[in-house]
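Q: below are the sequence and a predicted model for it; my questions follow.
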Amino acid sequence: MGSGEAWVVMRTGRAPSNIAVIKYWGKRDEKLILPVNSSISVTLNPDDLSATTTIAASPAFVADRLWLNGKEVSMESQRYKNCLREIRERANDVVDEQTGVHIKREDWLKLKLHIVSENNFPTAAGLASSAAGFACLVYTLAQLMGVNERYQGELSAIARLGSGSACRSLDGGFVKWDMGQKEDGADSIAVQIANETHWKDLVIFIAVVSSRQKEVSSTSGMQETVQTSPFLHFRAKDVVPKRIKEMEDAVARHDFSSFARITCADSNQFHATCLDTSPPIFYLNDTSKRLIGLVERWNTQEGSPQAAYTFDAGPNAVLFTTESNSSLLLQRLLFQFPPAPGVVLSSYVVGDLKTLELAGIKSLKDLASLEPPKELAEPKIPLRTPGELAYIICTRPGRGAFLLKDLGSSLIDSTSGLPFSK
Ligand SMILES: Nc1ncnc2c1ncn2[C@@H]1O[C@H](COP(=O)(O)OP(=O)(O)OP(=O)(O)O)[C@@H](O)[C@H]1O
Ligand SMILES: C[C@@](O)(CCOP(=O)(O)OP(=O)(O)O)CC(=O)O
């Protein structure tokens, strides 16, 4: 770094992943990422599923660079460029507390950035890493560049330019992405409908399916659906608007039965539009269907929804239940999907382990002695199939994006301006 200019100013932020319970599928504008329908999601606890991003600016940097999970990746994609441009345009004068450096609003347009990001869960595995990643990028950049409070409402529209679902990851709890009407997308923004403490009773399990079948990416899959599926247009126009209202109402009233019914119906309808695409797209595999069966059988046996499932563009299931049913659901999952031989319990069930304790499961021995759930006590018991799931993440609704103030959380070495070597 040249003398007199040897400063590095940086911030570190964290943003959660989210799971849609009313799905976004289909764009009316590819460039601005404007959807054909509104959607609703639950923000996942960032302790269990999040991206952490450090962004540094220095006059010594010669290009914008990005390191993702330890590897440098290209920033040539228009999606990254659009997010950076929009935040730079809203930058403000900043006096950095740590270094005392004064950066003027116009300087941000010239200063190059080093961005280092890590996900605490697998990237591009159908667990919405792009949602956490772009929300974190936009949020952390806005903090670094002193983006004014009055622009805060616009941050979700900027995250949307990175990946549609990312606009729903800035806030915690329950979030609605309004499709908006304007051509420039200014009103296609995410709004919080209830925060993360609103429905404390909700418990979430993510069943990560082992064999990752070859998939069509969300971006190209939804493009093909828009072009070829007549059903999608019926869904967007006639089904989703009503469901959005019903879901908002169910969340407001902590009405698990309605929440579960709408969540399952919307996941199934999204996958039906994939099947209605030409050529058809299959995101669910046999394991996904067995997970659906597990929930449906239990709900039928009890005569009301005990749990709900939803699947994004991949075979992994996200399951919802209430606190009082959480150990019963986990026991069912572990009964039907025990780990492969040799896999230890601590790497098979991860995240918030309270439910595992509640279920009284301390070791693989406890798993072996699990009783079959009562709805399976018939001649047609589905086989127990060890190893069909890679692992299970236990989590809950969580908070939105936030800054990590502790300097020890930084992913960039302030002297070199480069990622810490591991
Ligand atoms: N932490 C991150 N920071 C910046 N960009 C990220 C980050 N994590 C993921 N991305 C971007 O998102 C891309 C992965 O998105 P992709 O849609 O393929 O997978 P996914 O979001 O995990 O799955 P899905 O969208 O099916 O749920 C990465 O190639 C990268 O461009
Ligand atoms: C099935 C989904 O997860 C689709 C997510 O699509 P993306 O947000 O990944 O797509 P792009 O906007 O093209 O980046 C449903 C949802 O999250 O609402």
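A: Looks like it came in fine. Ligands and ions are numbered 1, 2, ... in the order given.

Q: count the neighbours of the residue nearest to Thr300 when sequence neighbours are not counted for me.
A: Closest residue to Thr300 apart from its sequence neighbours, by C-beta to C-beta, 6 or more residues apart in numbering: Glu375 at 7.4 Å. To be clear about C-beta, it is placed using only N, CA and C from the backbone, and glycine gets the same treatment. Glu375: 16 surrounding residues under other C-beta atoms under 10 Å.

Q: now Glu375, what's its secondary structure?
A: Here Glu375 is helix, with the state taken from DSSP: H, G, I helix; E, B strand; the rest coil.

Q: list the contacts of it.
A: 297-298, 300-301 (C-beta atoms under 8 Å, 6 or more residues apart in numbering).

Q: secondary structure class for the residue in the stretch 301-422 of the chain positioned nearest to ligand 1?
A: Relative to ligand 1, the nearest point of the stretch 301-422 of the chain is Ala313 (4.2 Å; C-beta to the nearest ligand atom). Of the three states, Ala313 takes coil under three-state DSSP.

Q: give the burial count for it, as a bare number.
A: Ala313: 21 neighbours (other C-beta under 10 Å).

Q: and the one 3 residues further on, by the same measure?
A: A count of nearby residues for Asn316, using other C-beta under 10 Å, gives 26.

Q: how about the contacts made by it?
A: Asn316 touches 125-127, 206-209, 288, counting by C-beta under 8 Å, 6+ apart.

Q: do that again at 10 Å, thanks
A: Residues near Asn316 by C-beta atoms under 10 Å, 6 or more residues apart in numbering: 19, 122, 125-127, 206-209, 212, 283-284, 287-288, 291, 310, 389-390, 393.

Q: of those residues, buried ones?
A: 19, 125-127, 206-209, 212, 283-284, 287-288, 291, 310, 389-390, 393 (16 or more other C-beta atoms under 10 Å).

Q: does Gln301 belong to a helix or a strand, and which?
A: Gln301 belongs to helix 286-302 when assigned by DSSP states H and E.

Q: how about Ala132?
A: Counting by DSSP H and E, Ala132 is part of helix 129-144.

Q: let me see the confidence value for Asp366.
A: In this model, Asp366 is scored at 88, pLDDT.

Q: run a quick neighbour tally on the closest residue in space to it that isn't next to it in sequence.
A: The shortest distance from Asp366 to any non-neighbouring residue, by C-beta to C-beta, 6+ apart, is to Gly360 (6.7 Å). If you count neighbours by other C-beta under 10 Å, Gly360 ends up with 10.

Q: can you list the low-confidence ranges for the chain?
A: 1-5, 123-125, 211, 213-214, 377-382, 422 (pLDDT under 70).

Q: residues from the stretch 51-200 of the chain in reach of ligand 2?
A: 130, 163-165 (C-beta under 6 Å from any ligand atom).

Q: now render the residues you listed as CSV, adding neighbour count and secondary structure.
A: What follows is these, written out as CSV (neighbours: other C-beta atoms under 10 Å; DSSP: H, G, I helix; E, B strand; the rest coil):
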residue, neighbour count, secondary structure
Ser130, 23, helix
Ser163, 22, coil
Gly164, 25, helix
Ser165, 29, helix
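
Q: cheers, nothing more for now.
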